[in-house]
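Trainee: Sharing a sequence plus its predicted fold:
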Amino acid sequence: MDGNRESRGCESRGREGRADVSAEAEAFYTESLKVLKESGIPFLLGGTYALSAYTGITRPTKDIDIFCRGGDFPRILAHFQDRGFATEIEDERWIGKVLHGDLFFDVIFNSAAAINPVNDRWFEEDHRALVCGADVQLIPPTEMVFSKAFVQMRHKYDGPDVAHMILKQHAHIDWKRLLGHMEQYWEVLLMHVLNFRFIYPTERDHIPAWLLQELLDRLNERAKLPVPQTRICRGRLFSREDYRIDVTDWGFADVVGEETKHG
């Protein structure tokens, strides 16, 4: 770990992640994080608690989001199953759950469209917070933005989370790494950059000038090229359901697989 990353991690120490949850849910999350830490399996905390630790925003949540490498995904589920918890694999491409009655937490190793898998790089920075009494490692700010950038559904849109992360953590975002993550989907990053500039006109300097210029240069160069021959709908990278009609009725090619429930 280089000195720059280490210093960024240390600045996150001592923070606390909070959410509005019932006493029963908090007890379940407390026990779950304890079991996770005792397992020795590497994991990162994301979701509402991580957002709270980074921005100070507190809001209700129905679960906690645990991120891990794909190879550790079955280990975490098996570890909890051996200790009497119910588990389920919602979609083996990216997510499973550990359940206790009506309560649960998600175990995530990719995105719903399988375009941002958790890998070793996510663990290179050490950002920590106290959550439900446990000292846990958080998803780095760079990967928090990356993971939320594609959540754009009719009933769930994480654009405000991206804007707030940039506002509060811009100095700790590795912008070159973020561009690398989103290389194929640079237009999505441009959307969020312009969105941030519109929301916070006095804070525009939080976005590096070189990044904005790079993205605008790409936009201008792309405008010079011919229209693609294959009609595709990339909206399903954001939401399979909201853009389903595009591929079922309107003749657009799909970019993600259909979801069929087993049994």
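Mentor: Good, I have the coordinates.

Trainee: Distance check, the residue sitting nearest the centre point of the chain against residue 171.
Mentor: Central residue of the chain (Cα atoms, centre = their mean): residue 147, 2.7 Å from the mean position. Distance, residue 147 to residue 171, using Cβ to Cβ, to the nearest Å: 19 Å. Every C-beta, even on glycine, is put in place using the N, C-alpha and C of the backbone.

Trainee: Same question for residue 153.
Mentor: Distance, residue 153 to residue 171, using Cβ to Cβ: 30 Å.

Trainee: These two: which is more packed in?
Mentor: Per other Cβ atoms under 10 Å, whichever of residue 153 and residue 171 has more neighbours is residue 153, with 15 against 9.

Trainee: hang on, isn't the more buried one packed against residue 239?
Mentor: Yes - Residue 153 is within contact range of residue 239, at 4.0 Å (criterion: Cβ atoms under 8 Å).

Trainee: Could I get the full set of helices for the chain?
Mentor: Using DSSP state H, the helices of the chain run over 3-12, 23-39, 47-55, 73-82, 141-148, 159-169, 175-181, 186-199, 209-223, 244-248.

Trainee: Make TSV from the ones you listed and add mean pLDDT and distance to residue 133 to it.
Mentor: Below are the helices of the chain laid out as TSV (pLDDT from 0 to 100; distance: least, Cβ to Cβ, whole Å):
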stretch	mean pLDDT	distance to residue 133
helix 3-12	38	18
helix 23-39	95	6
helix 47-55	96	12
helix 73-82	97	18
helix 141-148	96	22
helix 159-169	98	24
helix 175-181	97	32
helix 186-199	98	34
helix 209-223	98	38
helix 244-248	95	42
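
Trainee: can you tell which of those is closest to residue 100?
Mentor: For those, proximity to residue 100 was assessed by Cβ to Cβ; helix 23-39 is nearest, at 5.3 Å.

Trainee: Report all helices and strands that the closest one contacts.
Mentor: Judged by 3 or more Cβ pairs under 8 Å, 6 or more residues apart in numbering; DSSP states H and E, helix 23-39 is in contact with helix 73-82, strand 103-108, strand 134-138.

Trainee: for the ones you listed, which one ends up most surrounded?
Mentor: Neighbour counts (mean count of other Cβ atoms under 10 Å) averaged over each of the helices and strands packed on helix 23-39 peak at strand 103-108, with a mean of 22.

Trainee: and the angle from that strand to helix 23-39?
Mentor: On the basis of axes from the mean of the first three to the mean of the last three Cα atoms, to 10 degrees, strand 103-108 is oriented at 40 degrees to helix 23-39.

Trainee: could you measure residue 78 against residue 189, distance?
Mentor: Per Cβ to Cβ, residue 78 is found 36 Å from residue 189.

Trainee: Which one of the helices and strands packed on helix 23-39 lies nearest to residue 245?
Mentor: strand 103-108 (27.5 Å).

Trainee: Pull the contacting residues for residue 143.
Mentor: The contact partners of residue 143, taken as Cβ atoms under 8 Å, 6 or more residues apart in numbering, are 121-122, 181.

Trainee: Now for the residue nearest to residue 146 when sequence neighbours are not counted, how many residues are close by?
Mentor: Nearest residue to residue 146, sequence neighbours excluded (Cβ to Cβ, 6 or more residues apart in numbering): residue 181, at 4.7 Å. Other residues near residue 181 come to 20 when the count uses other Cβ under 10 Å.
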